[in-house]
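**Student:** sequence and predicted model, in that order:
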Amino acid sequence: MKRIAILGSTGSIGSNALRVIEANPSEYKAVALAAGRNVDLLQEQIEKYQPLCAALLEEEPAERLRERLGSRSKTRIFSGTDGFLHVSTMPEVDTVISAMTGASGLLPTYAALTAGKQMALANKETMVMAGQIVMAQAASQQVAILPIDSEHSAILQSLQGHPKEDVKRIILTASGGPFREASLAHLEKVTPEEALQHPTWTMGRKITIDSATLMNKGLEAIEAKWLFDLPIDQISILIHPQSIVHSMVEYRDGSVIAQLGVPSMITPISYALSFPKHLKTPLPSLKLEEIGMLTFSKPDLKKFKCLELALRSVEIGHSMPAVLNGANEVAVESFLQGEIGFLQIPELIEKTMEAHTPFAMDGIEGVLEADAWARDEANTLKRHLRTH
């Protein structure tokens, strides 16, 4: 039985992961949970799954949770960065699901790998910021990093049984988000409420905005480079609004192998936990005859500048992808708060990148330095954007 810790248990991925665990009680047990600020849902999860421990980002909500659970509860409650590190490294855990949003997932994910835990990874920002360092650490500890993103899961499945040297390219698919056919004039007036209405997937607020700007696909391209050890020019992106073909691998003989399925995160979560097996899930069968048409097109890099910036950052390399990520997190939050417009998201990211002198990163400390610099610079530049 796999004993699992979930970083981000109250989010979309974490909640679905618990559904997968609950559906396979002889295979998996949730022994540790960590969440941001959703005390109510975390309490429900603790009472239902009875983990050994749980953690919240801040001490005050953690203390409130301890009081609610009472002295009879067997679940120990921790808080802060130390609490998340405890959850991700405790001896009773052998597999960690990293489903936190943003750069906050880096340290507990890296700590879990350092402690020799198998990793089911949904926190793509970890790979964007520190892909080379993270992959080297996993290799040194001889642990696997199995992707939970539907696109990377599809690539992993399409690679099975094929020599790596036969791969010509991988093709990431993107839904295109809510503004796939919108004009630039319309994008200038987009509200946070509009941008949060994704046509296919139900996700957290940050990743939903990233999907609307196509930054999410840029982050996924960087993640794919590290996960599958490929140069960025062997990674292509296609817009596929139906979200049925989750990604593809093209081989040098012209064969293209794709993974298809109903748009649900249950499938990639299940595969990351059961790899290389495919366990039964509660999902319905894919009925292509009812879908009818599957369409594909190239993304418009002029309209969706964030995708172009992400690809540019990985070509520059060194600290630039970490700077891109930090600036993007500031820009997305600023947009959600109504401080900048939708088209100012890529503008703020680009100005931050232009102000940065890339440096080589040998360890996590350098990654954190680049991230902190990017956030400070983006916040400074944001004030200038707001006055013009």
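**Tutor:** Done, it's in.
**Student:** next, give phi and psi for Ser264.
**Tutor:** phi -150, psi 140 (degrees, to the nearest 10).
**Student:** if I read this right, Leu309 contacts Gly218, doesn't it?
**Tutor:** Yes - the pair Leu309 / Gly218 is scored as a contact, 7.0 Å apart, by CB atoms under 8 Å. (Glycine included, C-beta is placed from N, CA and C.)
**Student:** and these two? Which one has more around it.
**Tutor:** Gly218 (31 against 23; other CB atoms under 10 Å).
**Student:** what residues does that one make contact with?
**Tutor:** 306-311, 313 (CB atoms under 8 Å, 6 or more residues apart in numbering).
**Student:** at 6 Å instead, please
**Tutor:** 307, 310 (CB atoms under 6 Å, 6 or more residues apart in numbering).
**Student:** and it, what helix or strand is that in?
**Tutor:** helix 215-227 (DSSP states H and E).
**Student:** what is the mean pLDDT for that helix?
**Tutor:** Across helix 215-227, the average pLDDT comes to 97.
**Student:** what's the spacing between that helix and its chain's center?
**Tutor:** Distance, stretch centre to chain centre, for helix 215-227: 9 Å (CA atoms, centre = their mean, to the nearest Å).
**Student:** what of stretch 64-79?
**Tutor:** On CA atoms, centre = their mean, the centre of stretch 64-79 falls 29 Å from the chain's centre.
**Student:** name the residues of it that are buried.
**Tutor:** Judged by neighbour count using 16 or more other CB atoms under 10 Å, the buried positions of stretch 64-79 are 65, 69, 73, 75-79.
**Student:** of all the residues you listed, which two lie farthest apart?
**Tutor:** The two members of these with the most space between them (CB to CB) are Ser73 and Ser79, at 15.6 Å.
**Student:** only the buried residues of stretch 340-347, if you could.
**Tutor:** Buried positions in stretch 340-347, judged by neighbour count with 16+ other CB under 10 Å: 340-346.
**Student:** narrow those to those in helices?
**Tutor:** 344-346 (DSSP state H).
**Student:** hmm, back to that, out of the buried residues of stretch 64-79, who's nearest Phe228?
**Tutor:** Taking the buried residues of stretch 64-79 together and measuring to Phe228 by CB to CB, the closest member is Phe78, at 34.7 Å.
**Student:** now do the contacts for the closest one.
**Tutor:** 55, 86.
**Student:** okay, now the sheet partners of the host helix or strand of it, with direction.
**Tutor:** Using DSSP H and E, Phe78 maps to strand 76-79. When pairing is defined by DSSP bridges, strand 76-79 lines up against strand 53-56 (parallel).
**Student:** for the next helix or strand after the strand it pairs with, the distance to its chain's centre please.
**Tutor:** Using DSSP H and E, the helix or strand that follows strand 53-56 towards the C-terminus is helix 59-69. Remark: helix 59-69 is offset 28 Å from the chain centroid, using CA atoms, centre = their mean.
**Student:** which strands and helices sit next to helix 59-69?
**Tutor:** Here helix 59-69 touches helix 39-49, strand 76-79, going by 3 or more CB pairs under 6 Å, 6 or more residues apart in numbering; DSSP states H and E.
**Student:** 8 Å - rerun?
**Tutor:** With contacts taken as 3 or more CB pairs under 8 Å, 6 or more residues apart in numbering; DSSP states H and E, helix 59-69 sits against helix 39-49, strand 53-56, strand 76-79.
**Student:** in this protein, which ranges drop under the pLDDT threshold?
**Tutor:** Scanning the chain for pLDDT under 70 picks out the ranges 200-202, 386-388.
**Student:** how about the host helix or strand of Ala185 as PDB, C-alpha atoms only?
**Tutor:** Using DSSP H and E, Ala185 sits in helix 184-187. Extracted in PDB, the C-alpha atoms of helix 184-187 (Å, rounded to 0.1, in the frame of the first residue of the first chain):
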ATOM      1  CA  LEU A 184      -6.900  42.300 -29.100                       C
ATOM      2  CA  ALA A 185      -9.500  45.100 -28.700                       C
ATOM      3  CA  HIS A 186     -11.700  42.700 -26.600                       C
ATOM      4  CA  LEU A 187      -8.700  41.500 -24.500                       C
END
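**Student:** mind listing what's buried along that helix?
**Tutor:** Those would be Leu187, for helix 184-187 by 16+ other CB under 10 Å.
**Student:** residues in contact with the helix or strand that it is followed by?
**Tutor:** Following helix 184-187 in sequence order, the next helix or strand is helix 192-195 (DSSP H and E). Identification of contacts with helix 192-195 by CB under 8 Å, 6+ apart yields 178-179, 208-209, 212, 335-336, 338, 342.
**Student:** top of these by number of neighbours, please.
**Tutor:** Ala212 (29 neighbours).
**Student:** how about it, secondary structure?
**Tutor:** helix (DSSP: H, G, I helix; E, B strand; the rest coil).
**Student:** correct me if wrong: it contacts Ala182.
**Tutor:** No - counting by CB under 8 Å, Ala212 does not reach Ala182; the two are 9.7 Å apart.
**Student:** okay, and the common contacts of the two?
**Tutor:** Common neighbours of Ala212 and Ala182 (CB under 8 Å, 6+ apart) are Val190.
**Student:** same for the helix holding Ala185, what does it pack against?
**Tutor:** Right, helix 184-187 is packed against no helix or strand by 3+ CB pairs under 8 Å, 6+ apart.
**Student:** which residues touch that helix?
**Tutor:** Contacts for helix 184-187 (CB under 8 Å, 6+ apart): 179, 303, 342-343.
**Student:** looking at those, which is nearest Val190?
**Tutor:** Phe342 (4.0 Å).
**Student:** skipping adjacent residues, who's closest to Tyr333 in space?
**Tutor:** Residue 333: Glu, not Tyr. With sequence-adjacent residues excluded and distances taken as CB to CB, 6 or more residues apart in numbering, Glu333 is closest to Lys206, at 7.7 Å.
**Student:** so which strand or helix has that neighbour?
**Tutor:** Going by DSSP H and E, Lys206 is in helix 205-213.
**Student:** which elements pack onto that helix?
**Tutor:** Using 3+ CB pairs under 8 Å, 6+ apart: helix 205-213 touches helix 192-195, helix 215-227, helix 305-316, helix 320-336, helix 344-354.
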